[in-house]
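Asker: 3D, please:
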Amino acid sequence: MNNAIERLGATLSDLRRAVRKRVHDRGRHHAARLNRRRLGSVIFIGITGSAGKTTTKTLAAGILSSRGPCQWSHGSGNEHYDVEWTVLKTTRRHEFCVVEAGAPEPGYLDRSLRVLRPHIGVLTLIAREHYSAYRSAEAIAAEKAKLIAALPEDGVAVLNIDDPLVRAIGARHTGRIVWVGRAEGATIRLLESSSRWPQPLTLRVRFEDAEHEVLTRLHGEHLALPVLAALGVALGAGMPFPDALHALSLLEPAQGRMQIERSDDGVVFVRDDWKAPQWSFQAPLEFLRNAHAQRKVAVIGTISDSSKSPSQRYAWAAKQALAVADLVVLVGIGSFGASRSHAGPQERPLHAFASLHDAARFLRTELRAGDLVLLKGTNLQDHLVRLVLDRNRPVSCWDTACGRNEFCGSCPRVHADPSFGLADPGPERDTVPAPAGSGQPVIVGLGNPGTGFRETRHNVGHRVLDALVESAGASWRQVTEGWVSSVLLEGQSVTLLKPGVNINDSGTVIRRFLDKEGGTAADCIVVLDDMDIPLGQVRTKREGGDAGHKGMRSIIAAMGSDAISRIRVGVRRPGDARQAGELVLKQFSADEKAALMTGLKQAEAAIREMIGSKSTQTAS
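Answerer: Reported below is the predicted structural model:
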């Protein structure tokens, strides 16, 4: 009976939070739809596709701004709230509004299109982006096609004639189409393109039986498609073609899309560092192959949208990069296997670093004037732009999991005073106070996902939470961030979270989960293994450094605070001289398990005591 009441209380608490979030989202959505109805004179342009959305949006907005006031979505934002906020910021004084719309999963575009209601729709190409959510290119195409189907009778579709799936969508469309690409039949037909560093991208196109030279300030022949698509938008909006060409020639690339950055000491960086799906590598590497430079360097970070393991991805990327670059630098935990196993015919150097900070130390002395350095990675995980910033002024923040998916240039932490300890949190630094919490505790159990890790020392955090769920008669449910459950402890509803990522990368998903739930570091209790505490014993800690635990280090970095409560469970038998790295993924021996069970029970008691203490503090 008591367990049933506890489960009901936890369920009601979850329901209240979900209702609050849904009310907020619905309010923004309905406000955006209402504002859209008032803007009948504004021409709305929607842009989707597996690649090229942001560059197309940036160029299209720049061209249209030369004709009249134009609103456009910020940065690379293309989720529901980005679309809704952009529409909310649009007023009757604007003539145009340009919005990119993402589709990370089936059905996602529906909500965006209810707000956007575009007059002009752009579909760049179909590729393996978010492939795990769709499982086929045809399913991706079906979702993207919704943008074109949403156009009014007098609307204009701007479509890539060279992509078979996009061409099939156009064949079913009954409205006006501006075709762009190389194939015969294109409205704006690409005849020739050239981009050989240091010369920028130039195109020769045919439009209305005349040839035109298209001058740009971009780099990389693969950006020809966004250029053509942006010109197609201008045509759809009724802009004379020569005027569009002139406006285009003055525009700079979108941030992090083949963007050129020059350091004070003569090193040139080419930033293609927003995202790095495996299928997107060939184009920037081809740019590097054709470039004229004293030395070509490729720095490769996190690779996404691949069925390969991380080490296999790095090995594949290293092989591709070594074919065109004089020096290749891999950054990431999985990069070491690639550097050890790669055996290509080239004798060009290959270096691998677990952290960006280590790579930066190497590149500070290795790079020299005249080097052309391609940065290819995923911004959310890597923040490779810090390599550029570090050339001119030492970077202080080398957090590996801050959870912010924005470029670091405008972040106040990037050049913060090192005395604040942002670069390398440790026990000797002053603690950073955490903001007041919401009062809803979130207990996080650290560990590695997968049944093969369950019995290892690194996974005692998971096991403590599993025991709590079992004793409460509750169950786990899977969410984006991992596995979540709700239980009643010491008369209070508590959320339990097992992050669904490698233990060393826990910080990002924990921060994201807390942000989503309206919580802060002050609401969080972390349960983790500790090699410096005897097996079976438990210690609690309210703040301080990471004590060498990489999972805890990533959490402190993501939170921007070390004032995080933690419960540490000892997992090394006294007298065991093996290093922590040798033990963390080892299972417990038969004679160690009794002591371990004592530790798990003590950890559960410590959690209850800490929850009771927090409840008392909140009440007072």
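Asker: C-alpha from now on. contacts and neighbour counts both.
Answerer: Noted.
Asker: neighbours of Q199, how many?
Answerer: 15 (other CA atoms under 10 Å).
Asker: quick check on it: phi, psi?
Answerer: phi -70, psi 140 (degrees, to the nearest 10).
Asker: now do the residue lying closest to it once chain neighbours are set aside, the pLDDT please.
Answerer: Spatially, and ignoring its direct neighbours in sequence, Q199 is nearest to H219 (7.9 Å; CA to CA, 6 or more residues apart in numbering). For H219, the pLDDT comes out at 96.
Asker: please apply the same query to R16.
Answerer: Looking at R16, its pLDDT stands at 55.
Asker: top strand in the protein by residue count?
Answerer: strand 524-534 (DSSP state E).
Asker: for that one, packing partners?
Answerer: Contacts defined by 3 or more CA pairs under 8 Å, 6 or more residues apart in numbering; DSSP states H and E place strand 524-534 against strand 442-445, helix 460-472, strand 565-572.
Asker: the following helix or strand past that strand: how far from the chain's middle?
Answerer: Following strand 524-534 in sequence order, the next helix or strand is strand 538-541 (DSSP states H and E). Relative to its chain's centre, strand 538-541 lies at 33 Å (CA atoms, centre = their mean, to the nearest Å).
Asker: so which bits of whichever helix or strand comes after strand 538-541 are buried?
Answerer: Using DSSP H and E, the next helix or strand after strand 538-541 towards the C-terminus is helix 550-559. Buried residues in helix 550-559, counted by 16 or more other CA atoms under 10 Å: 551-559.
Asker: just the CA trace of helix 550-559, in PDB.
Answerer: Only the C-alpha atoms of helix 550-559 are listed here, as PDB (Å, rounded to 0.1, in the frame of the first residue of the first chain):
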ATOM      1  CA  LYS A 550      36.600  12.200 -15.100                       C
ATOM      2  CA  GLY A 551      32.900  11.800 -14.900                       C
ATOM      3  CA  MET A 552      32.700  14.200 -11.900                       C
ATOM      4  CA  ARG A 553      35.100  16.600 -13.800                       C
ATOM      5  CA  SER A 554      32.700  16.700 -16.700                       C
ATOM      6  CA  ILE A 555      29.800  17.500 -14.400                       C
ATOM      7  CA  ILE A 556      31.600  20.400 -12.700                       C
ATOM      8  CA  ALA A 557      32.600  21.800 -16.100                       C
ATOM      9  CA  ALA A 558      29.000  21.500 -17.400                       C
ATOM     10  CA  MET A 559      27.500  23.100 -14.300                       C
END
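Asker: can you list the helices and strands that that helix packs against?
Answerer: Judged by 3+ CA pairs under 8 Å, 6+ apart, helix 550-559 is in contact with helix 506-517.
Asker: make it 10 Å
Answerer: When contacts are defined as 3 or more CA pairs under 10 Å, 6 or more residues apart in numbering; DSSP states H and E, helix 550-559 packs onto helix 506-517, strand 524-534.
Asker: pipe the helices and strands packed on strand 524-534 into JSON lines and attach distance to L350 per row.
Answerer: Shown next, in JSON lines, are the helices and strands packed on strand 524-534 (distance: least, CA to CA, whole Å):
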{"stretch": "strand 442-445", "distance to L350": "37"}
{"stretch": "helix 460-472", "distance to L350": "37"}
{"stretch": "strand 565-572", "distance to L350": "37"}
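Asker: circling back to that earlier point, partner strands of the longest strand of the chain and their direction?
Answerer: Strand pairing for strand 524-534, using DSSP bridges, gives strand 442-445 (parallel), strand 565-572 (parallel).
Asker: for L330, which of the ones you listed is the nearest?
Answerer: Smallest distance to L330 across those (CA to CA): 30.5 Å, for strand 442-445.
Asker: give me the residues contacting the closest one.
Answerer: 459-466, 484-486, 493-499, 503, 506, 510, 513-514, 517, 519-529, 565-567, 607, 611 (CA atoms under 10 Å, 6 or more residues apart in numbering).
Asker: thinking again about what came up before, what's the most buried one of the helices and strands packed on helix 550-559?
Answerer: strand 524-534 (a mean of 23; mean count of other CA atoms under 10 Å).
Asker: low pLDDT regions in the stretch 301-450 of the chain?
Answerer: The model of the stretch 301-450 of the chain has pLDDT under 70 over residues 306-307, 333-334, 336-348, 400-401, 416-439.
Asker: helices of that one, start to end?
Answerer: Along the stretch 301-450 of the chain, counting by DSSP state H, counting those that start in this stretch, helices occupy 310-322, 335-341, 356-366, 379-382, 385-392.
Asker: can I get those helices in a markdown table with distance to D399 and mean neighbour count?
Answerer: Below are the helices of the stretch 301-450 of the chain laid out as a markdown table (distance: least, CA to CA, whole Å; neighbours: other CA atoms under 10 Å):
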| stretch | distance to D399 | mean neighbour count |
| --- | --- | --- |
| helix 310-322 | 20 | 21 |
| helix 335-341 | 18 | 18 |
| helix 356-366 | 9 | 15 |
| helix 379-382 | 9 | 22 |
| helix 385-392 | 11 | 19 |
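Asker: residue ranges with poor pLDDT in this structure?
Answerer: For the chain (pLDDT under 70), the answer is 1-24, 131-132, 306-307, 333-334, 336-348, 400-401, 416-439, 560, 580-582, 614-620.
Asker: at 50 what do you get?
Answerer: For the chain, the stretches flagged by pLDDT under 50 are 343-347, 417-438, 618-620.
Asker: need the helices for the stretch 151-300 of the chain, in chain order.
Answerer: So, for the stretch 151-300 of the chain - with DSSP H, counting those that start in this stretch - the helices run 164-172, 224-236, 241-248, 282-290.
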